[in-house]
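**Student:** requesting a structural model of the entry that follows:
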Amino acid sequence: MPEGHTVHRIARQFARDYVGRRVAVSSPQGRFAAGAALLDGRELLTSAAVGKQLFLGFAGDLVLRVHLGLYGAWDFRGAVSPLLDGEGAVASLGAPRVRRAVRMGEAERESGAPDADEEFPPPPVGQVRVRLATDATVADLRGPTACEVLDPAAA
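**Tutor:** Purely as a prediction, here's the structure:
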């Protein structure tokens, strides 16, 4: 299971690469279609972790709450900022899993950047519950225990 510190790293990644930007939100798997439709096209205003919960605050007083559970992970692609000075950009944060070597070249695993000939955004692979995309970065959520849109009072 991803530990709390991992969820805090995920919150920092979203703060660096998404906060202040309008986000295209979709549900490639279809299980989060209604929630994605509520958030699509809104600006991401906040990114916070509380324990093992991730809260992404969107314009219009909507909050995306994610609990990764045993198998959840976020896969980041595109222009992914390093979290610490000297630390490389991450490609995946969450539950331990086999790297998706089928989709990722060796350099991409290190930097999170797409190959020069790869289309952007890349097509979703596998069971992607929700995809958050800007013009430069894509984050795919796989296997969470909880993924829901809340109003601020419920968050």
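**Student:** so where's this protein shaky on pLDDT?
**Tutor:** 1-4, 83-90, 96-117, 155 (pLDDT under 70).
**Student:** mind listing the strands for it?
**Tutor:** Taking DSSP state E to define them, one finds strands in the chain at 24-26, 44-50, 53-58, 62-67, 73-78, 92-94, 128-133, 137-142, 146-150.
**Student:** can I get those strands in TSV with mean neighbour count?
**Tutor:** Glycine gets a C-beta too; all of them are placed from N, C-alpha and C. Compiled in TSV, those are given as follows (neighbours: other Cβ atoms under 10 Å):
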stretch	mean neighbour count
strand 24-26	19
strand 44-50	17
strand 53-58	21
strand 62-67	20
strand 73-78	23
strand 92-94	21
strand 128-133	22
strand 137-142	24
strand 146-150	17
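**Student:** which stretch among those comes nearest Phe14?
**Tutor:** Phe14 lies closest, by Cβ to Cβ, to one member of those: strand 44-50, at 3.9 Å.
**Student:** which residues sit against that closest one?
**Tutor:** Residues outside strand 44-50 that contact it (Cβ atoms under 8 Å, 6 or more residues apart in numbering): 4, 7-8, 10-12, 14-15, 18-23, 54-59, 132.
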